[in-house]
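In: Generate a structure from the sequence data that follows.
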Amino acid sequence: MTMPDPTKLKVARHLDRPGICFGMSRVPGSGRVYFGASDAKVYEVDLTAEKPEAIELPGQHSGYVMGVALAGASVISGAYDGKLIWRDTATRTLVRSVNAHSRWIRGVVTSPDGRLVASVADDMDCKLWNVETGELVHTLQGHAKLTPTHFPSMLYCCAFSPDGLFLATADKVGHVVVWEVATGRSLATLEAPVMYTWDPRQRQHSIGGIRSLAFSQDGTQLAVGGTGQIGNIDHLEALARVEVFTWHDGQRTHEFPGDKSKGLVERMAFHPQGDWLVCAGGDHGGFVQFYDLRANKLLHQDTAPMHIYDFSLSESLDTLYASGHGKLATFEFKS
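Out: The predicted model follows:
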């Protein structure tokens, strides 16, 4: 597969939206995406259409919809209200609603084979569900409910390995757990404490945390993304930060403390052959970054038209579809 030139990534088009577009999931081989929004709704839109139009789906939540995952004929969303809602993509009808968590659901992802969906929430549980039946398969508990200073923690993200055998979860204080999916057994823990900031003087307030995870194609490497140490806790003023581990032995192999892009790394993805790691996020604005892990260097970074919360890289690696603050955007690798 030919490696696109990261320096040629440009915004091809964008669709302005009121509020914030959070988690998204794309129909393979197309530009049709499902996304959750700050208005507590889930939408479907074809970003390749001449005039893209967002279609509201049934089953409204009662708060921010942070996670949206597509599994076969089902699109599953999780939100501030702790609910998981299933919808049929063909008929655009409501299938089921489950009171999945006692606190805010921060992320929802499906396994590569589409049989399981994982949800993480601020109750500090990760739960695995049967996509077809909605039944709970495992409850994974490996994250402390309180920070070291005895304030409520948050469980921000999770990611399956490409072969579906493993699942990683990560929290506010930089604690990562890798699980065996079949048994629900904890296999390894990793720590990235620099991504967590505690301010004992201003407001006894903390900020940061690991916001994104990505396994390499062979499943041996795990990238974690967030932000560095923050001086002013009222702003995401620190540089975006990425660390990479060989999770089986717990070794940190790469540490990218940031160059000029500030804010949170909200989403990451490995090139299938490992040529680069692409990351996106933001503070008040947005960014896209490419890292060369073999050369241990930043390949390229550029601004984005919005703070990016999620993205999907096309199978041909020529297009990146992104959701974010006030926009959905399509990026292309221009020749």
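In: how about stretch 104-120: buried residues?
Out: With burial defined by 16 or more other Cβ atoms under 10 Å, the residues of stretch 104-120 counted as buried are 104-111, 114-120. Glycine gets a C-beta too; all of them are placed from N, C-alpha and C.
In: Just those residues: which are in strands?
Out: 105-110, 116-120 (DSSP state E).
In: Need those residues in CSV (columns: distance to residue 33 and pLDDT).
Out: Converted to CSV, those look like this (distance: Cβ to Cβ, whole Å; pLDDT from 0 to 100):
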residue, distance to residue 33, pLDDT
105, 19, 98
106, 20, 98
107, 17, 98
108, 15, 98
109, 15, 98
110, 14, 98
116, 21, 98
117, 17, 98
118, 20, 98
119, 20, 98
120, 21, 98
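In: contacting residues for residue 99?
Out: By Cβ atoms under 8 Å, 6 or more residues apart in numbering, the contact list for residue 99 reads 82-83.
In: Burial check on residue 87, number of neighbours?
Out: 23 (other Cβ atoms under 10 Å).
In: Residue 15 now?
Out: 18.
In: Can you tell me the SS state at it?
Out: strand (DSSP: H, G, I helix; E, B strand; the rest coil).
In: tell me the contacts of it?
Out: Residue 15 makes contacts with 45, 47, 52, 54, 327-329, as judged by Cβ under 8 Å, 6+ apart.
In: Now for the residues you listed: which two are most distant?
Out: Using Cβ to Cβ, the pair of the contacts of residue 15 lying farthest apart is 54 and 329, separated by 13.8 Å.
In: Pick out whichever of the two has more residues nearby.
Out: residue 329 (23 against 17).
In: does the more buried one sit in a helix or strand, and which one?
Out: Assessed by DSSP states H and E, residue 329 sits inside strand 319-333.
In: in that strand, what counts as buried?
Out: Across strand 319-333, burial judged by 16+ other Cβ under 10 Å covers 319-333.
In: Export only the CA atoms of that strand, formatted as PDB.
Out: Included here for strand 319-333 are C-alpha records, laid out as PDB according to Å, rounded to 0.1, in the frame of the first residue of the first chain:
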ATOM      1  CA  THR A 319      -9.200  10.500   3.100                       C
ATOM      2  CA  LEU A 320      -9.700  11.400   6.700                       C
ATOM      3  CA  TYR A 321     -13.300  12.100   8.000                       C
ATOM      4  CA  ALA A 322     -13.400  14.100  11.200                       C
ATOM      5  CA  SER A 323     -16.000  15.400  13.700                       C
ATOM      6  CA  GLY A 324     -15.500  18.300  16.100                       C
ATOM      7  CA  HIS A 325     -16.500  21.600  17.400                       C
ATOM      8  CA  GLY A 326     -19.100  23.000  15.100                       C
ATOM      9  CA  LYS A 327     -18.100  21.000  12.100                       C
ATOM     10  CA  LEU A 328     -17.700  17.800  10.200                       C
ATOM     11  CA  ALA A 329     -14.700  17.900   7.900                       C
ATOM     12  CA  THR A 330     -13.200  15.800   5.100                       C
ATOM     13  CA  PHE A 331      -9.400  15.900   4.700                       C
ATOM     14  CA  GLU A 332      -7.700  14.500   1.600                       C
ATOM     15  CA  PHE A 333      -4.100  13.800   0.700                       C
END
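In: Just name the closest of the buried residues of stretch 104-120 to residue 284, please.
Out: residue 106 (21.0 Å).
In: contacting residues around the closest one?
Out: Residues near residue 106 by Cβ under 8 Å, 6+ apart: 66-67, 78, 120-122, 154-157.
In: Averaged pLDDT, stretch 230-247. What do you get?
Out: For stretch 230-247, mean pLDDT is 84.
In: Ok, stretch 287-303 next?
Out: Mean pLDDT, stretch 287-303: 95.
In: Name the residues that touch that stretch?
Out: Outside stretch 287-303, the residues that touch it by Cβ under 8 Å, 6+ apart are 6-7, 9, 221, 240, 242, 244, 253-254, 256, 259-263, 265, 274-281, 285-286, 304, 308, 320, 331.
In: Would you list the buried entries among those?
Out: Taking 16+ other Cβ under 10 Å as the criterion, what is buried in these is 6, 9, 221, 240, 242, 244, 254, 256, 261-263, 265, 275-281, 286, 304, 308, 320, 331.
In: when you check these against the strands, which ones overlap?
Out: Among the buried ones among the contacts of stretch 287-303, DSSP E puts 9, 221, 240, 242, 244, 254, 256, 265, 277-281, 286, 304, 308, 320, 331 in strands.
In: quick one: low-confidence ranges for the stretch 51-200 of the chain?
Out: Scanning the stretch 51-200 of the chain for pLDDT under 70 picks out nothing.
In: Repeat the analysis, applying 90 as the threshold.
Out: Across the stretch 51-200 of the chain, residues meeting the criterion (pLDDT under 90) sit at 60, 149-151, 197-200.
In: mind listing the strands for the stretch 151-300 of the chain?
Out: Using DSSP state E, counting those that start in this stretch, the strands of the stretch 151-300 of the chain run over 155-160, 166-171, 175-180, 185-191, 196-199, 205-208, 212-215, 221-227, 240-246, 251-256, 264-270, 277-282, 286-292, 297-304.
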